[in-house]
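Peer 1: need a 3D model of the following:
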Amino acid sequence: GVAPVLGALAGMLTTRGRPLRGREVVNVHNAPEITVRADRPVAYQLDGDYLGEQRAVTFRSVPKAIRIVI
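Peer 2: The predicted model follows:
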């Protein structure tokens with residue numbers, strides 16, 4: 001739905017310092033891997049690139065893969 005997406009976006013853009021909460025929100029911290037599954041194929045994108053429709057997508061953590069200098 002639109003409301004959960006807007007709520008998640010607002011939470012990411014503010015500095016509340018606490019995890020997002022909601023009925024359709026899942027917080028995962030320090031997991032090496034997470035798989036998101038759906039009952040039917042769902043279209044998804046990553047960094048603006050359309051990657052097709054899938055029933056499951058696995059995301060893996062890569063420690064020290066990026067360095068941010070401010």
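
Peer 1: what is the longest strand anywhere in the chain packed up against?
Peer 2: Using DSSP state E, we find that the single longest strand of the chain is strand 33-46. In terms of contacts (3 or more C-beta pairs under 8 Å, 6 or more residues apart in numbering; DSSP states H and E), strand 33-46 is packed against strand 49-60. For the C-beta atoms, the positions are set from N, CA and C on the backbone; glycine is no exception.

Peer 1: quick check: mean pLDDT of the strand it packs on?
Peer 2: Strand 49-60 shows a mean pLDDT of 93.

Peer 1: next one: stretch 26-38
Peer 2: Here the average pLDDT along stretch 26-38 is 86.

Peer 1: what's the helix or strand for the closest residue to residue 23 other than its chain neighbours?
Peer 2: Counting by C-beta to C-beta, 6 or more residues apart in numbering, the nearest residue to residue 23 once its immediate chain neighbours are dropped is residue 4, at 7.6 Å. Element membership for residue 4, per DSSP states H and E: helix 2-13.
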